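>>> Let me see the structure of the following:
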Amino acid sequence: MKYHFNEIEAKWQKYWAENQTFKAENYSDKPKYYVLDMFPYPSGAGLHVGHPLGYIASDIYARYKRHKGFNVLHPQGYDSFGLPAEQYAIQTGQHPAITTAENIKTYRRQLDQIGFSFDWSREVRTSDPSYYKWTQWIFIQLFNSWYNNNSDKAENISELIKIFEAEGNTNVNAECDDDVEVFTADEWNNYSSEKQQEILLKYRLTYLAETEVNWCPALGTVLANDEIVNGVSERGGHPVIKKKMTQWSMRISAYAERLLQGLETIDWTDSLKESQRNWIGKSVGASVTFNVKDYDAKIDVFTTRPDTIFGVSFMTLAPEHELVSKITTPEQKAEVDAYIKATAKRSERDRMADVKTISGVFTGAYAEHPFTKEPIPIWIGDYVLAGYGTGAVMSVPCGDQRDYDFAKHFNIPIPNIFEGVDISEEAFADKDNTVITNSDFLNGLKYKKAVKTAIYELEKLGQGEGKTNYRLRDAVFSRQRYWGEPFPVYYVNGMPQMIDAKHLPIELPEVEKYLPTETGEPPLGNATVWAWCTETNSVVDNDKIDNITVFPLELNTMPGWAGSSQYFNRYMDPQNDEEIFSQEAINYWQQVDLYIGGSEHATGHLLYSRFWQKFMFDLGLVPYDEFAKKLINQGMILGTSAFVYRWSSNAFEEPIFLSKSVYDKVILEEKPLGHSDKFSNIFKSLTPKQTMEGGEAFFVEDSETTEKNFTPIHADVSFINASDELDVEAFKNWREEYKNAKFIYEDDSTFKVKRDVEKMSKSKYNVVNPDQICIDYGADSLRLYEMFLGPLEQYKPWNTAGITGVHSFLKKLWKLYNDDNGLKVTDAAPTKDNLKTLHKTIKKVEEDIENFSFNTSVSTFMIACNELTVQKCTSKQILEPLLVLISPYAPHIAEELWNQLGHNKSISTADFPKFDESHLVESTKNYPISFNGKMRFTMELSLDLNKEEIEAAVLANEKTKEQLQGREPKKVIVVPGKIVNIVG
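Model (predicted):
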């Protein structure tokens with residue numbers, strides 16, 4: 001009987017779907033275990049072989065836990081709001097919902113064919129109104145909450161209003177905007193409704209504010225910092241500039257300390273936790289206020305080194321700082337404006353990363369030193385960020401290298417305040433060995449004492465205080481897009497009002513165009529039915545807006561991370577239309593036990609999700625304030641890209657491509673193409689871009705064949721054979737611009753490409769489609785190979801040729817159970833060797849799965865299969881439990897063979913085999929028998945024999961008699977369990 005893997009896999013995938021084999025129950029006597037993958041965005045390209053890596057690992061663990069007797073929740077869904085579908089809608093006019101549904105259909109087919117044990121009855125889609133109803137609901141809860149620092153948690157805004165009504169805000173200790181004014185109870189009670197709403201917005205956990213954002217004109221939307229790579233948009237590579245806009249923001253900064261401390265309670269990778277710690281960026285120091293000379297203005301700075309305050313020789317403001325335009329002198333205005341314009345084109349990440357470029361402009365204004373009252377020049381520099389701290393720094397060049405370099409570059413004085421330290425070459429930053437000098441009352445003090453003294457004196461002056469600062473900024477929550485969650489918000493006299501939760505969801509309206517309006521409003525501004533009627537509690541035509549009962553709705557939509565910030569909890573009770581989840585469901589599943597996903601989400605989804613979870617915990621809706629106990633970042637499967645070298649010549653119209661060794665000779669051996677015989681025919685066939693006087697053709701100069709004249713271009717890997725040879729005709733037909741291209745070949749008339757390993761990506765044309773792998777080798781081969789490539793957390797290059805090894809293993813496994821006549825498994829009793837092979841395999845596989853070392857399990861299976869084949873094992877007592885071990889990795893073949901063994905239920909219900917150590921305990925020893933120190937033969941003896949019994953057995957052996965030839969041995973040395981040596 002042959003191994004027909006395609007038929008077998010289709011059969012069992014159908015069985016699992018029809019029988020809902022992996023459907024989890026919310027209530028069970030079994031212990032629960034929740035395994036979760038980061039759900040995918042369904043792109044038009046579908047899955048490539050790199051995508052399933054984490055899914056396969058989580059599926060192995062989920063199947064293993066079922067075998068171990070757990071009630072396993074292993075759901076899947078789609079993060080289905082996204083910019084690509086909207087961009088496609090802009091290009092084609094097709095509604096993003098249609099594109100998304102088509103893409104999901106492809107993803108579902110691909111996920112099913114790989115054999116994942118997902119509970120599809122719990123599928124969620126973030127773009128489904130029945131799902132984003134609850135995203136909108138959470139937004140309303142955030143709007144109706146404030147953060148009480150005294151109780152260290154979020155509370156209902158109604159409690160804050162009661163405090164305002166009774167005693168004003170003098171004693172309120174809350175996370176709020178910096179510009180909140182103090183008011184009494186009488187003043188509050190006499191404020192207009194609009195004024196009260198304005199004040200409350202400064203306390204709410206989601207609020208409207210004018211913030212500086214990353215604006216991408218080409219995409220027509222605001223981007224989060226993690227959506228920008230190297231100063232351009234991650235999607236499309238478009239320029240990004242800084243721009244001030246009124247946006248919804250989330251007051252995540254209120255949770256900074258809790259987010260930091262919570263990292264100590266969860267089993268997440270160290271590198272990811274460190275990324276979050278750095279992003280939160282806790283610093284302890286002081287807030288210092290500098291008055292601006294000749295202006296009614298102050299500059300607040302945060303510093304971790306208040307002990308160095310007498311070393312301040314200039315101030316540096318972020319170019320975007322609100323004071324810049326107010327204090328810049330007329331003489332400096334043009335230079336300052338030009339610098340601000342140039343800075344707006346750079347992302348914050350670029351500015352933070354660029355430590356080599358020194359740039360800045362003097363504003364013409366001066367600050368006043370708090371103690372000496374000396375004037376301090378105020379500069380602007382792009383190394384200071386408006387969104388970090390106060391957007392201003394007191395620059396102490398003697399103690400900070402960046403300030404030092406800035407001061408040297410612009411000839412600013414560098415006063416030395418460190419006793420016995422030479423700062424002629426560089427700044428001195430060793431605070432532990434600091435002794436302050438030239439600093440008035442701080443002279444002679446060491447670091448810790450000087451810090452405390454400086455803060456004390458600043459507080460006496462009323463120009464500073466001790467403070468803890470965080471780099472974490474409030475998260476902008478608005479996007480100028482169509483394809484996103486609508487806000488449940490309408491506006492009355494410009495003030496935001498929440499739509500009652502019982503009227504949710506507020507669904508996306510139809511629009512004619514998905515671009516911003518001609519007046520610059522977001523795409524929802526194109527909707528004709530997008531106003532809220534408070535009388536009917538429904539969305540109505542815009543032309544009915546009357547300022548009495550019909551009001552405009554919010555035109556922005558929520559960001560991509562909104563829908564992914566609570567999806568893990570919604571999976572627990574996804575069909576519940578009355579509440580986000582029942583308390584019975586959340587208290588049963590509690591939190592994710594194992595979460596697997598990419599580390600690229602460290603400071604995006606994973607941070608925002610922790611924030612929302614803590615907020616939900618404050619509301620008493622979830623039992624834990626961390627949503628995932630354990631998180632593993634899977635590595636990446638890399639693609640092997642193919643490059644051709646295009647010669648950018650000024651002489652010819654046609655593109656010219658060089659084969660790999662030709663390029664190497666030109667560049668590495670510096671042998672210019674020139675007009676050698678080899679290339680003369682090619683040059684003659686080219687069309688000159690211009691002619692010289694008299695009609696003579698203009699030919700290439702040798703100077704044009706330097707490295708800068710050659711561009712490596714990705715070629716689709718489907719055009720490349722196993723010998724790295726390019727199918728030239730396929731390449732020419734690939735793009736119109738290459739149709740008439742010329743190719744300079746190898747000496748053997750082939751055209752070879754350069755190969756390089758890099759991220760597998762559609763844009764690099766190095767994608768390998770899992771569909772073809774499943775057709776050619778089967779899903780079980782794909783699953784085993786992806787695990788076999790190496791440790792889960794590492795980056796691994798894909799090589800399709802390598803999959804033949806695991807496919808051969810599966811065929812060998814099949815033959816262990818079947819021959820040409822069918823099933824050959826018997827009820828024969830297992831041999832000692834059979835049991836030893838099985839139990840060492842049980843031990844190793846269980847250890848590997850528990851440690852997520854899936855690659856070594858695959859090797860173990862191969863060894864076991866080889867040993868049992870050599871042993872000619874047909875015992876059901878051995879081969880049946882072996883299938884359960886293999887089942888998490890290769891479920892289709894395991895199900896088929898399990899069924900052949902007479903089982904009617906899925907193998908997923910079988911118990912995991914129990915390891916019996918006794919089968920690994922050796923009962924005999926193969927002793928080396930030596931004569932005068934030279935080993936002559938071996939002899940297997942029981943380990944239960946004592947020294948005398950071993951000696952007697954050895955001396956009685958015929959081979960011993962042959963060696964002694966009748967002589968009596970002088971001495972017999974016996975070391976039980978090790979050696980026997982006969983001295984003749």
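>>> Spell out for me which residue occupies the centre of the protein.
Taking Cα atoms, centre = their mean as the criterion, E600 is the residue nearest the geometric centre of the chain, at 2.2 Å.
>>> Next one: that one, what pLDDT does it get?
We have a pLDDT of 88 for E600.
>>> Next: K665.
Confidence at K665, expressed as pLDDT, is 79.
>>> name the helices or strands packed onto the helix or strand encompassing it?
Counting by DSSP states H and E, the element that carries K665 is helix 660-667. Where contact means 3 or more Cβ pairs under 8 Å, 6 or more residues apart in numbering; DSSP states H and E, helix 660-667 is packed against strand 710-715. From N, CA and C alone the C-beta is placed, and that goes for glycine too.
>>> If we use 7 Å, what do you get?
Packing contacts for helix 660-667, counted by 3 or more Cβ pairs under 7 Å, 6 or more residues apart in numbering; DSSP states H and E, involve no helix or strand.
>>> Return the alpha-carbon coordinates of it using CSV.
Backbone C-alpha positions of helix 660-667 (Å, rounded to 0.1, in the frame of the first residue of the first chain) are rendered in CSV as follows:
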residue,chain,number,x,y,z
LYS,A,660,27.4,36.9,-12.4
SER,A,661,31.0,36.0,-13.3
VAL,A,662,31.1,38.7,-16.0
TYR,A,663,30.1,41.3,-13.4
ASP,A,664,32.7,39.9,-11.0
LYS,A,665,35.4,40.4,-13.6
VAL,A,666,34.4,43.9,-14.3
ILE,A,667,34.1,45.0,-10.7
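>>> ok, the closest residue to P509 other than its chain neighbours - contacts?
Once flanking residues are discounted, P509 sits nearest to A527: 3.9 Å by Cβ to Cβ, 6 or more residues apart in numbering. Neighbour list for A527: 509-511 [criterion: Cβ atoms under 7 Å, 6 or more residues apart in numbering].
>>> Let's have the residues you listed in JSON lines, adding neighbour count and distance to P770.
JSON lines is the format used below for the contacts of A527 (neighbours: other Cβ atoms under 10 Å; distance: Cβ to Cβ, whole Å):
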{"residue": "P509", "neighbour count": "18", "distance to P770": "38"}
{"residue": "E510", "neighbour count": "11", "distance to P770": "36"}
{"residue": "V511", "neighbour count": "19", "distance to P770": "36"}
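>>> Could you dump those into JSON lines with pLDDT and distance to G381 added?
Shown next, in JSON lines, are these (pLDDT from 0 to 100; distance: Cβ to Cβ, whole Å):
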{"residue": "P509", "pLDDT": "96", "distance to G381": "45"}
{"residue": "E510", "pLDDT": "95", "distance to G381": "48"}
{"residue": "V511", "pLDDT": "95", "distance to G381": "43"}
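>>> of those, closest to E159?
The nearest member of those to E159, counting by Cβ to Cβ, is P509 at 35.7 Å.
>>> Pull up the gap between the residue nearest to P509 and I436, please.
Going from A527 to I436 by Cβ to Cβ, to the nearest Å gives 63 Å.
>>> go on, V980?
Distance of V980 to I436, given as Cβ to Cβ: 79 Å.
>>> Ok, S233 next?
Distance, S233 to I436, by Cβ to Cβ: 47 Å.
>>> quick one, which of these two is more surrounded?
Using other Cβ atoms under 10 Å, the more surrounded residue of S233 and I436 is I436, with 26 against 20.
>>> any low-confidence regions in the chain?
225-226, 649-652, 668-708 (pLDDT under 70).
>>> Kindly report the domain assignment for it.
For the chain, automatic domain parsing gives the domain ranges 282-470, 640-758, 810-909, 922-983.
>>> Make a markdown table out of those domains and add distance to E793.
Listed next are these as a markdown table, based on distance: least, Cβ to Cβ, whole Å:
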| stretch | distance to E793 |
| --- | --- |
| domain 282-470 | 25 |
| domain 640-758 | 18 |
| domain 810-909 | 8 |
| domain 922-983 | 36 |
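>>> which stretch among these comes nearest K630?
Taking Cβ to Cβ, domain 810-909 is the member of these nearest to K630, at 9.7 Å.
>>> No further queries at this time; thank you.
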